[in-house]
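1. My questions concern the predicted model and sequence given below.
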Amino acid sequence: MAESVAGQGMDFINQTGIFNVIFPFILGFAVTYGMLEKTQVFGKNMQRVNAVIAFAVGLIAALTFYK
């Protein structure tokens, strides 16, 4: 059992699944969206298309790490 407040906070974060689900989703979404925006594969001003594709990749990343 954690003795400090920070240790208790980390235990809570681990129990809620942030590192297993939310962190991989955010990482997958951010990396994909950034790469699509930087390379402009689908053209300029296509943020919505890039966001939808990045959302799908983020979901796939989150589901692969879900236990």
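-> Received it, and whenever you're ready, just let me know what you need.
2. Give me the helices and strands touching the one helix or strand residue 13 maps to, please.
-> Here residue 13 sits within helix 5-16, counting by DSSP states H and E. Helix 5-16 is packed against no helix or strand, with contacts defined by 3 or more C-beta pairs under 8 Å, 6 or more residues apart in numbering; DSSP states H and E. (Glycine included, C-beta is placed from N, CA and C.)
3. what's the longest helix in this protein?
-> Criterion DSSP state H: the longest helix present in the chain is helix 47-65.
4. Now do the buried residues in that helix.
-> Residues 50, 53-54, 57-58, 61-62, 65 are the ones in helix 47-65 that count as buried (16 or more other C-beta atoms under 10 Å).
5. Quick check: nearest residue in space to the residue nearest the centre of the chain, chain neighbours excluded?
-> What sits nearest the mean C-alpha location of the chain, by C-alpha atoms, centre = their mean, is residue 26, with 1.6 Å. Nearest residue to residue 26 in three dimensions, chain neighbours excluded: residue 58, at 7.1 Å (C-beta to C-beta, 6 or more residues apart in numbering).
6. For the chain, which residues score under the pLDDT cut-off?
-> By pLDDT under 70, the weakly predicted segments of the chain are 1-2, 67.
7. Packing partners of the helix or strand containing residue 35?
-> Using DSSP H and E, residue 35 sits within helix 23-39. Counting contacts by 3+ C-beta pairs under 8 Å, 6+ apart, helix 23-39 packs against helix 47-65.
8. and the angle for the helix it packs on with helix 23-39?
-> 150 degrees (axes from the mean of the first three to the mean of the last three C-alpha atoms, to 10 degrees).
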